[in-house]
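Novice: Here is the input, now give the coordinates:
(chains A and B)
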Amino acid sequence: MKKQLFLGDEAIAQAAIDAGLSGVYSYPGTPSTEITEYIQNDSTAKERGIHSQWCCNEKTALETALGMSYAGKRTLSCMKHVGLNVAADAFMNIAMTGINGGMIIVSADDPSMHSSQNEQDNRVYGNFAMLPMFEPSNQQEAYDMVYEGYDLSEKLGYPVLLRITTRMAHSRAGVQTRDLQLQNTLHAEEDARQKYVLLPAIARKRYKVLIEKQQEFLEASENSKYNQFFPVTGNRQQGTGHRSPVAGSPRKLGIIACGIAFNYFRENYPDGFEHPVLKISQYPLPKKLLLQLTKSCEEILVLEDGYPVVEEQLKGYLGLGLKVRGRLDGTLSRDGELTPDKVRKALGLEPVSYYTVPEIVAMRPPALCVGCGHRDVFEALNDVLKEYPTAKVFSDIGCYTLGALPPFRAIDSCVDMGASITMARGAAEGGIFPSVAVIGDSTFTHSGMTGLLDCVNANANVVIIISDNETTGMTGGQDSAATGRIHEICKGIGVNPEHLHAIVPLKKNSEEMKELIRKEIEYPGVSVIVPCRECIQTHARKVKSKKQ
Amino acid sequence: MKTDIILAGVGGQGILSIAAVIGEAALEDGLFMKQTEVHGMSQRGGDVQSHLRISDQPIASDLIPLGTADIIISLEPMEALRYLPYLKKDGWVVTNSNPFKNISDYPESEQIMEVYNSLPNKIIINVEQIAKDLGALRSSNVILLGAASPHLPIDFFKLENGIRRIFGKKGKDVVETNLKALSAGVGHEN
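Specialist: Modelled structure (predicted):
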């Protein structure tokens, strides 16, 4: 079959379908969103009735995936790296229960924070939960790992964490697909209670099982075709060439390259490797292969995108053993995405550049779309808050975070999903007045509703603005969990209907909106204002598809 | 044979369609290809870039190393300059001359031209003007691709086939308009 051009995300999605997937459960988050979207739009997935509706958040998603696995079916759960924080309770405890139908959990990490608030490396979570992990170096590997990963997951009885990065998720390459497999039939386990009822007596047993399983996970990784040792293949033997090895060191250098870092290494040696290399794409770390490398080398350079996870493991806290270089000793920068040039420098080769960025080139940050309803909200809010110089606006994760930038400069915080409402309450109780929260509809249903209940229970003096654009906008317009029902949800949570308002954020309603905000600031209790107007991008798309 | 291309512009201008057409054409040729991009709604109005690598040999890195890009294709004159460190010494810059000014500190056009004057190989064309003359306002990006086509390692008719496949879903008229746009972009060497 001809190779197809796939984004890393699409390769993962296609592989899951081909491997007999029955349900994907996810919440949108860059750069993981396209995996679930691909399955939602795929004709085979439709024919097979593969469940693919967006979930409220990553925790509900992963737990639903566990239920699907419990029934014996193959399942996938995808999230951005910070999404795994939300799902961490489920994740850590799925490592205790184990699974039935194959389960792959995709964590899409974002080194350099292209569109995230941190650059946490979720291989740490994999180690924390003591689960096997894959880290593909290219799109074909991503496909193969998922396609075969379901067999591995079922054989081991545990989920497999697939760790990708933005670069892998959002890069296209040719991928060879494989035969479509049958889906699993319904087959719940007979003594499933001994796995899934994590009462302390059972949990203690399950933890011992997980510990015992580590040997099997290690063997899988030591025999994995994705972990590969490459001897020196270049014409120049190391140390004898005209290029200097790492930072002028004459010692014999071995390289460990994890996932996509292997590509950057290879880019710098088109004619063969000057150093022995161990490529790592499956964890736990393959001990035998590591020993093979370290036996012949006096010094190891670890190339990995994200945290110095492998480097730390090899070095140990005191660093008294093996000489290991990488992100911890400054050979590579401690933060930021790897690039071929950063790796080049770490290898002692100088990057070449003929031109610099001219000084006149100005920053061009993204901005809220012209005509976006969030704009009207921020304009009204800014106008009113001029009258209250001590006001603070706690905001959240979404398009409206762009309200931090000029011309609005309207928000004082953006921390994690849902933190606007809860921070506003804490700040109000600490004496901040007016204490305002600005959150979007999808973020509200993801993690804002529980915070609102806290506010209601505490009768916190906050004004909560749920800027409702009826979609999950920032990730490209996915369905939002409670479109058309935000008002009812707030009422159900216990917001006093007299202080719960709907308004359409348009220029013509600007004065009315300001009046509402002003009035509710003066009310000493929980107020919720829901400015609601559809995202202009999803609106334009609907109009266009109607025309066609 | 290896060609490294940087595509640049402002979110929403359509650089990813250019990448898609080149990608389709490269695939038809049985070439290896890697294309990496930064995308998502949050990039709207912000700078966007894509690294596109084509080769008859397997490609290692998704990212183009500094100083090695054969060509920068940009839908915006200042945006092309942002990626100059990637350009090889005798590389080409093919850019739209029409600025997209959505920031307050956008440089003067004389300042931008001064930089272009110092570059050895460049094509600067007003794609919006050509698009207007052609009555194909939404095909500015394809006109730019036409302008860059002499410097791509792909036969012109294969780019045309790429357009047929990429725009095929949108109907015959859209395909015809874009084929015209591609041809209209050719021949603006300076």
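
Novice: drop to CA atoms for contacts and neighbour counts, all remaining ones
Specialist: Noted.

Novice: Around residue A:255, how many other residues sit close by?
Specialist: Per other C-alpha atoms under 10 Å in any protein chain shown, the neighbour tally for residue A:255 reads 26.

Novice: Help me confirm that it is found in a helix?
Specialist: No. Counting by DSSP: H, G, I helix; E, B strand; the rest coil, one finds residue A:255 to be strand, located in no helix.

Novice: For residue B:125, list each beta-bridge partner.
Specialist: residue B:96 (DSSP bridges).

Novice: Quick check: it touching residue B:97?
Specialist: Yes. The pair residue B:125 / residue B:97 is scored as a contact, 5.4 Å apart, by C-alpha atoms under 8 Å.

Novice: tell me which residues in the host helix or strand of residue A:510 are buried?
Specialist: If you go by DSSP states H and E, residue A:510 is part of helix A:510-522. For helix A:510-522, burial by neighbour count (16 or more other C-alpha atoms under 10 Å in any protein chain shown) applies to A:510, A:513-514, A:516-518, A:520-521.

Novice: Stretch A:260-278 too?
Specialist: Here stretch A:260-278 shows A:260-268, A:273-278 as buried, counting by 16+ other C-alpha under 10 Å.

Novice: ok so, going back, between the buried residues of helix A:510-522, which is nearest chain B?
Specialist: residue A:510 (24.4 Å; C-alpha to the nearest C-alpha).

Novice: okay, the closest one: pLDDT?
Specialist: On pLDDT, residue A:510 comes in at 98.

Novice: same question, residue B:65
Specialist: 97.

Novice: center of the chain, which residue is that?
Specialist: Going with chain A. Taking C-alpha atoms, centre = their mean, the centroid of chain A lies closest to residue A:80, which sits 1.3 Å from it.

Novice: meant chain B, my bad for not saying
Specialist: residue B:73 (3.5 Å).

Novice: quick one, what contacts it?
Specialist: B:5-8, B:80, B:93-95, B:144-145, B:148 (C-alpha atoms under 8 Å, 6 or more residues apart in numbering or on different chains).

Novice: okay, and for the stretch 101-250 of chain A, where does confidence drop off?
Specialist: The stretch 101-250 of chain A contains residues with pLDDT under 70 at A:234-250.

Novice: Okay, now the sheet partners of the strand or helix carrying the residue nearest to the centre of chain B, with direction.
Specialist: Using DSSP H and E, residue B:73 maps to strand B:69-74. Note on strand B:69-74: by DSSP bridges, its sheet partners are strand B:2-10 (parallel), strand B:87-96 (parallel).

Novice: Put together JSON lines for these, with distance to residue B:136, mean pLDDT and mean neighbour count on each row.
Specialist: Rendered in JSON lines, the data for these read as follows (distance: least, C-alpha to C-alpha, whole Å; pLDDT from 0 to 100; neighbours: other C-alpha atoms under 10 Å in any protein chain shown):
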{"stretch": "strand B:2-10", "distance to residue B:136": "19", "mean pLDDT": "95", "mean neighbour count": "24"}
{"stretch": "strand B:87-96", "distance to residue B:136": "16", "mean pLDDT": "97", "mean neighbour count": "24"}
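
Novice: could I get those strands as a markdown table with distance to residue A:533?
Specialist: Shown next, in a markdown table, are the strands paired with strand B:69-74 (distance: least, C-alpha to C-alpha, whole Å):
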| stretch | distance to residue A:533 |
| --- | --- |
| strand B:2-10 | 26 |
| strand B:87-96 | 35 |
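
Novice: list the contacts for residue 2?
Specialist: No chain in the question, so chain A it is. residue A:176.

Novice: try again with chain B
Specialist: By C-alpha under 8 Å, 6+ apart, the neighbours of residue B:2 are B:53-57.

Novice: now do residue A:128
Specialist: By C-alpha under 8 Å, 6+ apart, the neighbours of residue A:128 are residue A:92.

Novice: buried stuff in the host helix or strand of it?
Specialist: Assigned by DSSP H and E, residue A:128 belongs to helix A:123-129. Buried residues in helix A:123-129, counted by 16+ other C-alpha under 10 Å: A:123, A:125-126, A:129.

Novice: From residue A:399, how far off is residue B:14?
Specialist: Distance from residue B:14 to residue A:399, counting by C-alpha to C-alpha, to the nearest Å: 21 Å.
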